[in-house]
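*Asks:* Predicted coordinates and the sequence they were generated for:
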Amino acid sequence: MAGAPGERRDNRNVRAASTAEFYIVRDATTKKCTVVDSKPTTTTTVVGDGIYKTKTEAESAVKTTKVCTEQ
């Protein structure tokens with residue numbers, strides 16, 4: 001869809017969405033797994049296959065990652 005003549009399109013959000021990275025991290029104290037959208041800190045451990053392209057992909061992986069499903 002083209003804009004009006006002379007109108008600039010803002011594609012920053014499109015680029016940001018395509019370069020999003022999600023991680024599954026496990027808190028050492030609570031042993032709870034969560035999905036985060038920034039590089040993990042030293043207080044958490046990355047689990048699963050590392051970096052996921054979408055939040056949905058990471059959330060699905062939480063359900064099948066052994067350390068996240070053990071109680």
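*Replies:* Yep, it's here. Numbers count the residues shown, from 1 in each chain.

*Asks:* which ones are touching residue 52?
*Replies:* 21, 22, 23, 24, 35, 58, 61 (C-beta atoms under 8 Å, 6 or more residues apart in numbering). (Glycine included, C-beta is placed from N, CA and C.)

*Asks:* who's in contact with the residue nearest the centre of the chain?
*Replies:* In the chain, the residue lying closest to the centroid (C-alpha atoms, centre = their mean) is residue 22, at 1.6 Å. By C-beta under 8 Å, 6+ apart, residue 22 lies in contact with 35, 36, 37, 51, 52, 53, 54, 55, 57, 58.

*Asks:* how about the strands of the protein, start to end?
*Replies:* 22-27, 33-36, 44-52 (DSSP state E).

*Asks:* Give me the neighbour count for the closest residue to residue 69 other than its chain neighbours.
*Replies:* Leaving aside its sequence neighbours, residue 69 sits nearest to residue 63 (C-beta to C-beta, 6 or more residues apart in numbering; 7.0 Å). Neighbours of residue 63 under the rule other C-beta atoms under 10 Å: 9.

*Asks:* My understanding was that residue 63 contacts residue 57; is that so?
*Replies:* No: in this structure, residue 63 is not within contact of residue 57 by C-beta atoms under 8 Å, at 11.4 Å.

*Asks:* Touching, residue 39 and residue 23? I think so.
*Replies:* Yes: with contact defined as C-beta under 8 Å, residue 39 counts as touching residue 23 (7.2 Å).

*Asks:* Of those two, give the one with the bigger neighbour count.
*Replies:* Between residue 39 and residue 23, counting by other C-beta under 10 Å, residue 23 is the more crowded of the two (20 against 10).

*Asks:* Is that one bridged to anything, and to what?
*Replies:* For residue 23, the beta-bridge partners under DSSP bridges are residue 36, residue 51.

*Asks:* Return the residues in contact with it.
*Replies:* The contact partners of residue 23, taken as C-beta under 8 Å, 6+ apart, are 35, 36, 37, 38, 39, 40, 46, 48, 50, 51, 52, 58.
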